[in-house]
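Chemist: generate coordinates for the sequence data below:
(one chain, ligands or ions: 2)
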Amino acid sequence: MDCIGVIGYGHMGGMLVNGFLSSGVLGIDEVVVTSKSRESRDACAAAWPGIGIARANGELARRCRTIILAVRPQEVTEVLREIVPLMDGDEHIVSLAAGIGLAELEGLFSGSVTRVVPTISSTVGQGTTLICHGRQVGMHDALRVEGLFSSIGNVMLVEEEELPAATILSSCGPGLLAAVIEELADAAARASGLSADRALQLATETAAATAAYLRETGETPGDLIGRVATGGGVTEVGVKGIRERLPEVFDEAVAAMLERYGAVGK
Ligand SMILES: NC(=O)C1=CN([C@@H]2O[C@H](COP(=O)(O)OP(=O)(O)OC[C@H]3O[C@@H](n4cnc5c(N)ncnc54)[C@H](OP(=O)(O)O)[C@@H]3O)[C@@H](O)[C@H]2O)C=CC1
Ligand SMILES: O=C(O)[C@@H]1CCC=N1
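Modeler: Residues are numbered from 1 along each chain as shown. Ligands and ions are numbered 1, 2, ... in the order given. Purely as a prediction, here's the structure:
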């Protein structure tokens with residue numbers, strides 16, 4: 001059977017196992033998981049009774065043809081050096097590691113390699129997984145991976161040179177927007193008698209509602225601002241300040257993230 005193997009039961013590995021099994025795209029006997037610590041392997045076995053647990057990466061590599069590397073970028077080389085000598089060569093390696101390029105991966109495994117960048121928002125079936133196949137990936141393997149990730153949200157095929165910026169938007173984005181929501185709520189609570197809990201509840205609901213509005217109406221953010229900001233009213237003074245100061249803040253944040261992206265795992 002063409003089992004899917006997941007190496008690394010951390011935030012992403014756990015989310016993918018939960019997503020693939022909850023969506024029904026994979027059956028419990030089609031997934032094998034391993035992780036460095038016994039605690040993580042036991043947690044997976046407890047969450048999904050009957051799932052295949054491998055005690056070592058090599059054991060998983062021998063049992064699975066599609067192998068998802070859900071370890072941190074700085075652990076990828078070590079894991080590939082460990083498993084590649086035990087593999088047949090016709091496996092499909094799917095790396096989630098941000099910043100580790102196809103050339104580097106193919107230098108460690110000369111077969112089929114795909115880079116996939118999921119997003120934590122797929123925990124709730126939302127968001128877009130980015131997929132970039134290496135040149136050696138055949139149609140069958142490409143469709144299999146695209147189908148798997150489609151079960152937990154949207155997928156977008158991207159060129160490798162698009163990945164850094166697309167990753168910042170799709171995959172780092174939930175963290176960035178969570179920080180914005182937090183700051184907006186904190187500022188409102190600091191300036192008024194509203195409790196921090198209620199401020200965060202309102203800011204979170206508003207963020208979700210705003211995204212839904214933009215998605216469903218097809219309006220641009222500028223269109224929406226024009227509808228909300230009554231002339232001479234309240235919103236326009238806030239938007240003015242944000243438009244003056246946020247470009248610099250986001251330019252700096254994006255530049256810092258791109259710099260780290262290029263250095264991660266090195
Ligand atoms: N978090 C995110 O939103 C996103 C992350 N990514 C990428 O996904 C990958 C995983 O990230 P994330 O889940 O956040 O990281 P975590 O640190 O949460 O998980 C990494 C897991 O790898 C396991 N691990 C470490 N070394 C080994 C090893 N030698 N053999 C087997 N397992 C090992 C750890 O095991 P143990 O628990 O057993 O100690 C840990 O559970 C990264 O490459 C990241 O760039 C991509 C998109 C989004
Ligand atoms: O922050 C990180 O490095 C990972 C990769 C993309 C999202 N989280």
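Chemist: now the helices for the protein?
Modeler: Here the chain has its helices, by DSSP state H, at 11-23, 38-47, 57-63, 73-83, 102-108, 139-150, 163-167, 173-190, 196-217, 221-228, 235-263.
Chemist: between those, which one is closest to ligand 2.
Modeler: Ligand 2 lies closest to helix 163-167 among the helices of the chain, at 5.4 Å (C-beta to the nearest ligand atom). C-betas here are computed from N, CA, C, even on glycine.
Chemist: for the record, mean pLDDT for stretch 167-178?
Modeler: The pLDDT scores in stretch 167-178 average 98.
Chemist: so for that stretch, what gets flagged as buried?
Modeler: Neighbour counts over stretch 167-178 (16 or more other C-beta atoms under 10 Å) mark T167, I168, S170, S171, C172, G173, P174 as buried.
Chemist: burial of the residue of the stretch 1-150 of the chain found nearest ligand 2, as a residue count?
Modeler: Relative to ligand 2, the nearest point of the stretch 1-150 of the chain is A98 (3.7 Å; C-beta to the nearest ligand atom). A98 has 20 neighbours, counted by other C-beta atoms under 10 Å.
Chemist: re earlier: which among the buried residues of stretch 167-178 gets closest to E219?
Modeler: For these, the residue nearest E219 by C-beta to C-beta is G173; the value is 19.8 Å.
Chemist: give me phi/psi at the closest residue to that closest one other than its chain neighbours?
Modeler: Leaving aside its chain neighbours, G173 sits nearest to T119 (7.3 Å; criterion: C-beta to C-beta, 6 or more residues apart in numbering). For T119, the backbone dihedrals (degrees, to the nearest 10) come out as phi -140, psi 140.
Chemist: T119 contacts L169, correct?
Modeler: No: using C-beta atoms under 8 Å as the test, T119 is too far from L169 to be in contact (9.6 Å).
Chemist: of the buried residues of stretch 167-178, which ones also sit close to ligand 1?
Modeler: Among the buried residues of stretch 167-178, the residues lying close to ligand 1 (C-beta under 6 Å from any ligand atom) are S171.
Chemist: and the residue of the chain found nearest ligand 1, how far is that from Q74?
Modeler: Of all residues in the chain, G10 sits closest to ligand 1, at 1.8 Å by C-beta to the nearest ligand atom. Remark: distance between G10 and Q74 (C-beta to C-beta, to the nearest Å) = 13 Å.
Chemist: where's the residue of the stretch 1-150 of the chain closest to ligand 2 relative to R115, distance?
Modeler: Counting by C-beta to C-beta, the gap from A98 to R115 is 9 Å.
Chemist: tell me who's in contact with the spatially closest residue to S195 that is not a sequence neighbour.
Modeler: Spatial nearest neighbour of S195, excluding adjacent residues (C-beta to C-beta, 6+ apart): A189 at 6.7 Å. If a contact means C-beta atoms under 8 Å, 6 or more residues apart in numbering, then A189 has S195, A196, A199 as its contacts.
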